[in-house]
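Visitor: Please work out how this folds:
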Amino acid sequence: MCRVLVCYSMYHSLSLLNITHSPTISQLLAMSEQYLHQTPPLISESVRALLAVLTLSPSTRVEAQVRLQLGLVLYHHTNNVVESRQHLDRAVSIVCVCTQTIFISLMLHVVLKEPVVWEE
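Guide: Modelled structure (predicted):
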């Protein structure tokens, strides 16, 4: 449960950042969010959209964001704990191996509550 809370906090920190990426990735991320906000939520469609982003070889930052979101969706909306944990673990490992600049920027964002802009 603690891992999920850490990942949830990381997801919201990452999602607040201005990350630039291709229009296709932007559209897939928007579709995923839209599917989650349907009544009832279309979980399988949201998961497919997120998995499609991963097939496009996104930047490491975008991959971390997508894997965090994917892990959280699977954790909260399905019984697929194993796959959820795999995505959350991968997201955490991506974040851990990011460059020192990204780590420092993220920490400044969390501590100072100031937006951080990352450029590709």
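
Visitor: pLDDT on whichever helix or strand Leu28 is part of, on average?
Guide: Leu28 is part of helix 23-36, with elements assigned from DSSP states H and E. Mean pLDDT, computed over helix 23-36, is 92.

Visitor: neighbouring contacts of it?
Guide: For helix 23-36, contacts defined as CB atoms under 8 Å, 6 or more residues apart in numbering pick out 41-43, 45-47, 49-50, 52-53, 56, 58, 62, 66, 69, 73. For the C-beta atoms, the positions are set from N, CA and C on the backbone; glycine is no exception.

Visitor: Mark which of those residues are buried, thanks.
Guide: 42-43, 46-47, 49-50, 52-53, 58, 62, 66, 69, 73 (16 or more other CB atoms under 10 Å).

Visitor: if we can go back for a sec, would you mark the buried spots in the helix holding Leu28?
Guide: Ile25, Leu28, Leu29, Met31, Ser32, Tyr35, Leu36.

Visitor: now for the helix or strand following it, which elements pack on it?
Guide: Remark: after helix 23-36, the chain's next helix or strand is helix 43-55, criterion DSSP H and E. On a contact count with 3 or more CB pairs under 8 Å, 6 or more residues apart in numbering; DSSP states H and E, helix 43-55 meets helix 23-36, helix 60-77.

Visitor: Val97: neighbouring residues, count only.
Guide: Per other CB atoms under 10 Å, the neighbour tally for Val97 reads 11.

Visitor: Kindly report the same for Gln86.
Guide: 15.

Visitor: tell me which element it is part of?
Guide: Going by DSSP H and E, Gln86 is in helix 81-96.
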